[in-house]
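A.B. asks: need coordinates for the following:
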Amino acid sequence: MIREQIIKEIETLAKGKKVENDNEIIFGKDKLLDSLNVLHILLFIEIHIGIKISTGELSIDNFNTVDKIVRYVKNKR
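C.D. replies: Numbers count the residues shown, from 1 in each chain. Here you go, the predicted structure:
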């Protein structure tokens, strides 16, 4: 369910583009989302999934693919 929620939010922000696979890099130039969308995804995780993200955990390595986001969320639960 977490995976589906995250993909739905990413695809909404991507304005019609689809997540092709869970290991696809989603942030950056010519990717699904831009740097402003990173903030939106972080807020989505905090507000809708209920996980507080500390500044020490704000690393692109934790959030640059769907798989990494889902693993991060599951590890925080």
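
A.B. asks: quick one, strands of this structure?
C.D. replies: Taking DSSP state E, the chain contains no strands at all.

A.B. asks: please name the nearest non-neighbouring residue to A14.
C.D. replies: Here the nearest residue to A14 in space, its sequence neighbours aside, is L32; by Cβ to Cβ, 6 or more residues apart in numbering that works out to 4.3 Å. In short, each C-beta sits where N, CA and C put it, glycine included.

A.B. asks: in the lowest-mean-pLDDT helix or strand in the chain, which residues are buried?
C.D. replies: Sorting the helices and strands of the chain by mean pLDDT, DSSP states H and E puts helix 60-63 at the bottom, at a mean of 87. Buried residues in helix 60-63, counted by 16 or more other Cβ atoms under 10 Å: N62, F63.

A.B. asks: one step back: wait, doesn't the residue nearest to A14 sit right on N21?
C.D. replies: No: here L32 lies out of contact with N21, judged by Cβ atoms under 8 Å, at a distance of 11.7 Å.

A.B. asks: list the contacts for I51?
C.D. replies: I45, V73, K76, R77 (Cβ atoms under 8 Å, 6 or more residues apart in numbering).
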